[in-house]
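> sequence unknown, structure follows:
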């Protein structure tokens, strides 16, 4: 049971709670430190156009978008009408985001992933029996063709076509397997093993980075860079994760490699935001979104 939400009695109340959680997930992801090649509280990572302040501004600009998506989805079926509506709201959200960031794409992938999760939670009125049910509802919605969607170029789509690999669209259509099978289990396992929250969240990020065909990495560095990122993340986890000195030493090498290759695993970062949101929607007894 999504026990944070079972007492909600109206679309407005639920939409407000979901939009706040989705925004907080984005803020917690960008503030998580350290992350290899990504913007964090240490640096801009492998980016010349992104800063922590810009990412925070972007995240906060999307609260109203998540609210509108949740409100439109409340107690609705997964049909083409809803798919068209949330697609429209997502594109409006992109415009708001770009206005807030002076044209820099900061969270387009996150709008897609978190928007679907927020929509699915609202469709079930915040009372899914399990996270699996919720993510499968999101997957059903993602598989429906959006009749109002125009062809849109993105570096991620170009990388998916060039290398013939799945991207953010397919990840959602499959029910977020990297989140459900890797990120969320590793987050909770690391906590149970005594890791602090920062280390557990970095472990979750690395668990997804280790195998994700991250189009953000591919678009910048190709397959060679992707293989380096995969191996580096695997090495950190094999050494015991971020709670161990050996894992931290391996992380330092991964971080250095990402910077030298000038690649940033933005796809994995979006999935970490989704992981945090799902963790809060169905938390363990010790889980706390604050």
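Done, it's in. The model shown is predicted, which means the values in this text are computed figures rather than measured ones. Numbers count the residues shown, from 1 in each chain.
> Now do the buried residues in the strand or helix carrying residue 59.
Assigned by DSSP states H and E, residue 59 falls within helix 52-61. Buried residues in helix 52-61, counted by 16 or more other C-beta atoms under 10 Å: 52, 54, 55, 56, 58, 59, 61. In short, each C-beta sits where N, CA and C put it, glycine included.
> which one among those residues gets closest to residue 230?
Of all these, residue 230 sits closest to residue 55, with 24.6 Å by C-beta to C-beta.
> if we can go back for a sec, of all the buried residues of helix 52-61, which comes closest to residue 210?
Out of the buried residues of helix 52-61, the member with the shortest distance to residue 210 (by C-beta to C-beta) is residue 55, at 23.6 Å.
> got the contact list for the closest residue to the closest one other than its chain neighbours?
Distances taken as C-beta to C-beta, 6 or more residues apart in numbering place residue 30 nearest to residue 55, at 4.2 Å, with adjacent residues excluded. Residue 30 makes contact with 39, 40, 52, 55, 56, 59, 269, according to C-beta atoms under 8 Å, 6 or more residues apart in numbering.
> mind listing the strands for the stretch 1-150 of the chain?
Remark: strands of the stretch 1-150 of the chain are absent; assignment by DSSP state E, counting those that start in this stretch.
> mind checking how far the helix holding residue 59 is from the chain centre?
15 Å (C-alpha atoms, centre = their mean, to the nearest Å).
> cool, and stretch 234-254?
22 Å.
> cool, stretch 100-118 as well?
Using C-alpha atoms, centre = their mean, the distance between the centre of stretch 100-118 and that of its chain works out at 9 Å.
> Please identify the buried residues of that stretch?
100-101, 104-118.
> try stretch 220-235
220, 221, 225, 226, 228, 229, 230, 232, 233, 234, 235.
> Just the buried residues of stretch 100-118: which are in helices?
Among these, the residues falling in helices (DSSP state H) are 100, 108, 109, 110, 111, 112, 113, 114, 115, 116, 117, 118.
> Let's have those residues in JSON lines, adding distance to residue 135 and pLDDT.
Listed next are these as JSON lines, based on distance: C-beta to C-beta, whole Å; pLDDT from 0 to 100:
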{"residue": "100", "distance to residue 135": "29", "pLDDT": "97"}
{"residue": "108", "distance to residue 135": "20", "pLDDT": "93"}
{"residue": "109", "distance to residue 135": "17", "pLDDT": "93"}
{"residue": "110", "distance to residue 135": "16", "pLDDT": "96"}
{"residue": "111", "distance to residue 135": "17", "pLDDT": "97"}
{"residue": "112", "distance to residue 135": "14", "pLDDT": "96"}
{"residue": "113", "distance to residue 135": "11", "pLDDT": "97"}
{"residue": "114", "distance to residue 135": "12", "pLDDT": "98"}
{"residue": "115", "distance to residue 135": "14", "pLDDT": "98"}
{"residue": "116", "distance to residue 135": "9", "pLDDT": "98"}
{"residue": "117", "distance to residue 135": "7", "pLDDT": "98"}
{"residue": "118", "distance to residue 135": "12", "pLDDT": "98"}
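> Pick the one among those residues closest to residue 254.
Using C-beta to C-beta, those come closest to residue 254 at residue 109, 21.4 Å.
> how far away is residue 261 from residue 250?
16 Å (C-beta to C-beta, to the nearest Å).
> now the helices for the stretch 151-290 of the chain?
Along the stretch 151-290 of the chain, the segments classed as helices by DSSP state H, counting those that start in this stretch run 155-163, 168-173, 177-178, 184-192, 197-209, 215-238, 245-261, 266-281.
> what's near enough to touch the residue lying closest to residue 59 once chain neighbours are set aside?
In space, and not counting its chain neighbours, residue 59 is closest to residue 26: 3.7 Å by C-beta to C-beta, 6+ apart. Contacts for residue 26 (C-beta under 8 Å, 6+ apart) come out as 55, 58, 59, 62, 107, 110, 114, 273.
> Of these, which pair is most distant in space?
Of all pairs in the contacts of residue 26, the most separated under C-beta to C-beta is 55 and 114 at 14.3 Å.
> Flag the shaky bits of the stretch 1-150 of the chain, pLDDT-wise.
1-9 (pLDDT under 70).
> list the helices and strands the helix holding residue 59 packs on?
If contacts are counted by 3 or more C-beta pairs under 8 Å, 6 or more residues apart in numbering; DSSP states H and E, helix 52-61 sits against helix 11-31, helix 80-100.
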